[in-house]
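K.L.:
how would this look folded up:
(4 chains)
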Number of protein chains: 2
Amino acid sequence: MSARATDERSGARSTHRAVPREKALTRQAEDYLKVIYEIEQGGSPAATTDIAEQLGIAAASVSGMLQRLARLGLVKVERYRGARLSASGRLIALQLIRRHRIIESFLVTKLGYGWDDVHEEAERLEHAASADLVDRMADALGNPTADPHGAPIPTAAGRVDERRLSSIADLPIGARARVVRMSDRDPELLRYLKKRGIVPGAILRLVEREPFDGPISLTVGRAKQSIGATAAAAVYVEKLARTDR
Amino acid sequence: MSARATDERSGARSTHRAVPREKALTRQAEDYLKVIYEIEQGGSPAATTDIAEQLGIAAASVSGMLQRLARLGLVKVERYRGARLSASGRLIALQLIRRHRIIESFLVTKLGYGWDDVHEEAERLEHAASADLVDRMADALGNPTADPHGAPIPTAAGRVDERRLSSIADLPIGARARVVRMSDRDPELLRYLKKRGIVPGAILRLVEREPFDGPISLTVGRAKQSIGATAAAAVYVEKLARTDR
DNA sequence: GAAATAAGTTAGTTCGTACTAACTTATTGT
DNA sequence: ACAATAAGTTAGTACGAACTAACTTATTTC
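P.N.:
Just a heads-up that it's a prediction; the model follows:
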């Protein structure tokens, strides 16, 4: 394959590297692995269309890339049936997620970024930051176990809490719950929720739910709120017994 | 051109951006601009071979890319005669250099990186960091005007001290000089020089120079040193009058 | 000033990553 | 059970960015 030039993190032009590293992936390939991981967390293999939608590209492009990733041993593809990560693909995905979440934490804690506004920046930096840098950031933060949105940070070895949480949308009426984490995707939505007191750690009770994805009423502290189904689906909670704290 | 996928910093998949930004360049294109800028600092247009050598690629590849950059209005190419940056190309190059130097400073000051070991990391991050992030880093550092190697940091608007410095290699015998900056390229070389007390701010006197690129003898403080021509060429100094401090 | 050498360019190829259009396989609703 | 629809794949194309080989233009040297 020789030293052709799409190798990014390997630093082809920087001098004196004894060990050549095991061939860096492109940014795109990394992104595929990450979204496949995320989709797989839902329980089933990642469908072509779902991957395409997450990445904002055409389904046909995904078919092509999946073959390449399969050739590299990073995913297993069953034709017409979706992809799942191999062990090595999974490790890479988790390392990326680790990077992403540590970078987000660092930006918020050390550089004054808003909680709701770091996703995009981290999305780019995660592909450029070395493992060493990420470890240093983690150290500077005291090795946190969750990012500012409450998402767990995988270890360098790829261990992570994969417990499935239910979202507000799934909560039965009357239930009390603690907000554990929320999706970091949409800054607008995060700002909206924050303004309503819905942040990791908040305790809320579900009061009522209108049918047909209608508004959901809940109390946060002693304030009453009513939010839409889409917003509710982005908030993950842990159910509390009536007696809890 | 539609939303094809080589746009990096524009964040095609992240939502809610009102102003679409003026079309991000690829990493490679940015690197070309930076290298051209650096070569041009030597006084003449950047020759194809020089660019190729700096980037570690074949000269033929450079010919191709120069045409693309010319088409984008970032360089002016005279056939068989080299390239120079246009005003807009220059601005981009300077913004990259600004990023690079601020990132290096940040890594050293805030994350405990060695002075001699940040180049490679910065080289990758400079393409991923947003202007906002870089400004925040600069603020956190108190808006420094030089990076850890003594290189001046351009302003966001692209102003920078372009004064040409002489290197130790050009110094006349007997001259006293203060080290202003040194090339950040080679960590090994930097470590070597640091161990000998040759760092930005150090005062030295040139004692003797052997011909044919032979060793150069100098005093640093009261220690005597003898270094090779290559090492000497990486150290830039400011001549001092005998009376200066 | 012509021959030798160095520098630069063009042509043709490859690979990654996207695209659209056309086709095939699965799933679903009656 | 089978037609309609949805999901997925292949084929063909484009572009960026690299490569080698062959050729052209500049520069140097005798």
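
K.L.:
ok, so what distance separates A:Ile205 from B:Val160?
P.N.:
Slight slip there: residue A:205 is Arg, not Ile. According to Cβ to Cβ, to the nearest Å, A:Arg205 and B:Val160 sit 58 Å apart. Every residue, glycine included, has its C-beta placed from N, CA and C.

K.L.:
whoops, I mixed them up, A:Ile168
P.N.:
Distance of A:Ile168 to B:Val160, given as Cβ to Cβ: 52 Å.

K.L.:
ok, these two, which is more surrounded?
P.N.:
A:Ile168 (24 against 16; other Cβ atoms under 10 Å in any protein chain shown).

K.L.:
what about that one, distance to A:Ser217?
P.N.:
Taking Cβ to Cβ, one finds A:Ile168 at 11 Å from A:Ser217.

K.L.:
shared neighbours, these two?
P.N.:
A:Leu206 (Cβ atoms under 8 Å, 6 or more residues apart in numbering or on different chains).

K.L.:
which parts of the longest helix along chain A are buried?
P.N.:
Assignment by DSSP state H gives helix A:87-111 as the longest helix of chain A. Of the residues in helix A:87-111, A:89-108, A:110-111 count as buried by neighbour count, 16 or more other Cβ atoms under 10 Å in any protein chain shown.

K.L.:
does that helix come close to DNA strand C?
P.N.:
No - using Cβ under 7 Å from any atom of the strand, helix A:87-111 stays clear of DNA strand C, coming no nearer than 13.4 Å.

K.L.:
for stretch A:41-49, same thing?
P.N.:
No - judged by Cβ under 7 Å from any atom of the strand, stretch A:41-49 stays clear of DNA strand C, getting no closer than 9.8 Å.

K.L.:
Report the separation between the two terminal residues of that stretch.
P.N.:
Using Cα to Cα, to the nearest Å, the end-to-end distance of stretch A:41-49 comes out at 16 Å.

K.L.:
Please spell out which residues along that stretch are buried.
P.N.:
Here stretch A:41-49 shows A:45-48 as buried, counting by 16+ other Cβ under 10 Å.

K.L.:
quick one: low-confidence parts of chain A?
P.N.:
For chain A, the stretches flagged by pLDDT under 70 are A:1-22, A:242-245.

K.L.:
how does it divide into domains?
P.N.:
A:27-85, A:99-161, A:166-240 (automatic domain parsing).

K.L.:
Could you provide those domains in JSON lines, with additional columns for distance to chain B?
P.N.:
Formatted as JSON lines, the domains of chain A follow (distance: least, Cβ to the nearest Cβ, whole Å):
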{"stretch": "domain A:27-85", "distance to chain B": "4"}
{"stretch": "domain A:99-161", "distance to chain B": "4"}
{"stretch": "domain A:166-240", "distance to chain B": "6"}
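
K.L.:
looking at those, which is buried most?
P.N.:
Greatest average neighbour count among the domains of chain A goes to domain A:99-161 (a mean of 19), per mean count of other Cβ atoms under 10 Å in any protein chain shown.

K.L.:
can you tell me the helix or strand for A:Val179?
P.N.:
Element membership for A:Val179, per DSSP states H and E: strand A:176-182.

K.L.:
now for the longest helix of chain A, which elements pack on it?
P.N.:
helix A:27-40, helix A:119-125, helix A:131-140, helix B:131-140 (3 or more Cβ pairs under 8 Å, 6 or more residues apart in numbering or on different chains; DSSP states H and E).

K.L.:
got the angle for that helix vs helix A:131-140?
P.N.:
Between helix A:87-111 and helix A:131-140, the angle comes out at 50 degrees (axes from the mean of the first three to the mean of the last three Cα atoms, to 10 degrees).

K.L.:
From the chain's centroid, how far away is helix A:87-111?
P.N.:
Using Cα atoms, centre = their mean, to the nearest Å, the mean C-alpha position of helix A:87-111 is found 9 Å from that of the whole chain.

K.L.:
for the closest residue to A:Ala229 other than its chain neighbours, helix, strand, or coil?
P.N.:
In space, and not counting its chain neighbours, A:Ala229 is closest to A:Asp213: 3.9 Å by Cβ to Cβ, 6 or more residues apart in numbering or on different chains. Three-state call for A:Asp213 (DSSP: H, G, I helix; E, B strand; the rest coil): coil.

K.L.:
Three-state assignment for A:Ala232, please.
P.N.:
helix.

K.L.:
is it true that it touches A:Ile168?
P.N.:
Yes - applying Cβ atoms under 8 Å, one finds A:Ala232 in contact with A:Ile168, separated by 4.0 Å.

K.L.:
so what's A:Asp50 up against?
P.N.:
Contacts of A:Asp50 by Cβ under 8 Å, 6+ apart are A:Ile39.

K.L.:
at 10 Å instead, please
P.N.:
The contact partners of A:Asp50, taken as Cβ atoms under 10 Å, 6 or more residues apart in numbering or on different chains, are A:35-36, A:38-39, A:42, A:44, A:59, A:62, A:82.

K.L.:
and what of A:Ala156?
P.N.:
If you count contacts by Cβ under 10 Å, 6+ apart, A:Ala156 has them with A:94-95, A:98, A:131, A:134-135, A:138.

K.L.:
Kindly report the same for A:Arg81.
P.N.:
A:44-45, A:47-48.

K.L.:
List phi and psi for it.
P.N.:
Dihedral angles phi and psi of A:Arg81 (degrees, to the nearest 10) take the values phi -140, psi 0.

K.L.:
which bits of chain A sit near DNA strand C?
P.N.:
So chain A meets DNA strand C at A:6, A:26-29, A:55-58, A:60-61, A:64-65, A:68, A:79-80 (Cβ under 7 Å from any atom of the strand).

K.L.:
What is the end-to-end distance of stretch A:218-226?
P.N.:
Termini of stretch A:218-226 sit 6 Å apart (Cα to Cα).
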